[in-house]
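Novice: structure, please.
(one chain, ligands or ions: 1)
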Amino acid sequence: MNKKLIIFDMDGTIYLGNDLIDGAKETFSFLKKNNIDYVFFTNNSSHDLEFYYSKMKAFGIECDLEKNFYSSSEVTISYLLEKGAKDIFVIGNKSLKNKFSKHFNLIDEYSKDIKIDAVIAGFSTELVYKELMDACLFLETRDIPFIATNGDYRCPIEDKLFIPDCGGMCEWIRLCTGKKALVLGKPNAEIVDYLAKVFKVNKEEVLVVGDRLYTDVLVGVNAKVDTVCVLSGESTQEDVDAYEAKPTYTIESIKSLPDLLI
Ligand SMILES: [Mg+2]
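Specialist: Coordinates of the predicted model:
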């Protein structure tokens, strides 16, 4: 396989919560040695990129904050700027709100007459009921875009457990308002096209590696690039067999990735 850029998922692919997956460090040494570029792309918008950078550094994985880390919130910001949005309501952690506040005016709460251009939902571990209520009221009373930074229903943590993620929260809002979120994180193919351009590689030279079928594998399938599904996170072999969009390869974990690349 002649790959020059690998787009990695992190949660469930490189680590589970605070546990590094066995063999991950050696896999990244292999990539370095063989001049294969890699980026860490996360749909998790509850942390800023510095958080992931520090985490990878602490695990002993060679990386650079500017070069190697991307998240769905950057993609969402560039989309909103393109659309000319100014006033927005954001459900998300403080770090996500700070990031958006550098580009937009953040509306604090619902009111009948206030001008608003979009409702944004990100993965929020600081979620309170009033945020959901205000988002629903905005969407019920206005015809404005509802955008999600990711569509993941749940996020894997230690001991094979899961916590609610952005997609699950958006489903709640959809059931209440009838409005479906436009997801700008994985599996939106634009991410792959964008990264291929940044790294100046052809799409045949790009590989997507992740543990989730409906985000990581699907983003690769949507972008028509090769994919690897690792069974170290959310998906099992049974899930892969049952899923319509098949990964190009399925492996137990990131540990055996070098075998595919040789
Ligand atoms: Mg994952």
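Novice: who in the protein is up against the ion?
Specialist: Within the chain, the residues that sit near the ion (Cβ under 5 Å from the ion) are 9, 11, 12, 211, 233. Placement of C-beta: from N, CA and C, glycine included.
Novice: 8 Å instead?
Specialist: Within the chain, the positions near the ion by Cβ under 8 Å from the ion are 9-13, 43, 152, 155-156, 210-212, 215-216, 233-234.
Novice: A helix includes residue 147, no?
Specialist: No: counting by DSSP: H, G, I helix; E, B strand; the rest coil, residue 147 is not found in a helix; it is strand.
Novice: nearest spatial neighbour of residue 140, chain-adjacent residues omitted?
Specialist: Take residue 140 and drop its neighbours on the chain: the residue closest to it by Cβ to Cβ, 6 or more residues apart in numbering is residue 177, 5.2 Å away.
Novice: same thing with residue 152?
Specialist: Spatial nearest neighbour of residue 152, chain neighbours left out: residue 165 (4.2 Å); criterion: Cβ to Cβ, 6+ apart.
Novice: for residue 137, same thing?
Specialist: Spatial nearest neighbour of residue 137, excluding adjacent residues (Cβ to Cβ, 6+ apart): residue 110 at 4.3 Å.
Novice: quick check: which element contains that neighbour?
Specialist: Using DSSP states H and E, residue 110 sits within no helix or strand.
Novice: list the contacts of it.
Specialist: With contacts defined as Cβ atoms under 8 Å, 6 or more residues apart in numbering, the neighbours of residue 110 are 89, 133, 134, 137, 138.
Novice: let's see it at 10 Å
Specialist: 89, 116, 130, 131, 133, 134, 135, 136, 137, 138, 140, 141 (Cβ atoms under 10 Å, 6 or more residues apart in numbering).
Novice: now swap in residue 118 and tell me
Specialist: 76, 79-80, 83, 85-90, 104, 138, 142, 144-147, 182.
Novice: do the same with residue 154
Specialist: Contact analysis of residue 154 by Cβ under 10 Å, 6+ apart lists 161, 162, 163, 164, 165, 166, 167, 168, 212, 234.
Novice: how many other residues sit next to residue 68?
Specialist: The tally of other residues near residue 68 (other Cβ atoms under 10 Å) stands at 19.
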